[in-house]
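**Q** 3D, please:
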Amino acid sequence: MKQESLQEELKGLSPQLHDLKQQNDGLRVPEGYFDALEDSVLTRLDTMGARRQAIAGRRSGRGIRAWLFRPQVIAALAAVFVVVLSAKWFFAPMPPAVQPVAVQTQPTEEELIEAYILQNISDFEVDQLATLSKDREAEVVAPPVTPQQTPGLEGLSPEAIELLLREMSDEELESIL
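**A** You can find the predicted model right below:
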């Protein structure tokens, strides 16, 4: 049914094409043409003397060596080699000599003592700190000023003096000193 409707449509669109298809004219090859074609070509070449004879012992050149030494293959192998080396260089980790090395050493006993003293310097007396200094000669240090020796501050506790010092501005402290 579909075939009949297609035929009707073809006839309606182009009657000349429909008639050509019905005649079965055109591109037809005689029976057995391709079977005899090779033999007829070879006999013609033989009669003309143009057919080459095979050389005994000669390889056809289709081995791996002949394929490998073609310029296109050499160029492709070189390109692959460059890409592989570039990728290896790009993705390789940095050598250890180039990477910064964080050296963590344990502090010595003297460093620990010095750090403790610097953190708690207010807890030590001046005489104690002077005795800790080994490489320096003991300096003569004046005894700390007590509130009783400071004029005008008699009768004030050390806490009150500290509170007064905190409330003073920098200019007032500079003028006193």
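**Q** same for the longest helix seen in the chain, what does it pack against?
**A** If you go by DSSP state H, the chain has its longest helix at helix 71-91. The helices and strands touching helix 71-91, judged by 3 or more Cβ pairs under 8 Å, 6 or more residues apart in numbering; DSSP states H and E, number zero. Every C-beta, even on glycine, is put in place using the N, C-alpha and C of the backbone.
**Q** Can you tell me which residue is spatially central in this protein?
**A** In the chain, the residue lying closest to the centroid (Cα atoms, centre = their mean) is residue 91, at 6.5 Å.
**Q** mind showing which ranges of the chain have poor pLDDT?
**A** Residues of the chain that meet the criterion pLDDT under 70 lie in 1, 21-26, 53-62, 95-103, 132-154, 177.
**Q** those helices in it, which residues are they?
**A** 2-13, 15-23, 33-48, 64-68, 71-91, 109-119, 126-132, 158-167, 170-176.
**Q** related to what we said a few turns ago, how far off centre is the longest helix of the chain?
**A** Here the centre of helix 71-91 is set off from its chain's centre by 19 Å, with Cα atoms, centre = their mean, to the nearest Å.
**Q** Now it - C-alpha only, CSV.
**A** Backbone C-alpha positions of helix 71-91 (Å, rounded to 0.1, in the frame of the first residue of the first chain) are rendered in CSV as follows:
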residue,chain,number,x,y,z
PRO,A,71,59.6,10.9,7.7
GLN,A,72,56.0,11.1,9.0
VAL,A,73,56.6,8.4,11.6
ILE,A,74,59.9,9.9,12.7
ALA,A,75,58.2,13.3,13.2
ALA,A,76,55.3,11.8,15.1
LEU,A,77,57.6,9.8,17.4
ALA,A,78,59.7,13.0,18.1
ALA,A,79,56.5,14.9,18.9
VAL,A,80,55.3,12.2,21.3
PHE,A,81,58.8,12.1,22.9
VAL,A,82,58.7,15.9,23.5
VAL,A,83,55.1,15.7,24.9
VAL,A,84,56.1,12.9,27.3
LEU,A,85,59.2,14.7,28.5
SER,A,86,57.3,17.9,29.0
ALA,A,87,54.6,16.2,31.0
LYS,A,88,57.2,14.4,33.1
TRP,A,89,58.9,17.8,33.9
PHE,A,90,55.7,19.6,34.6
PHE,A,91,54.2,17.0,36.9
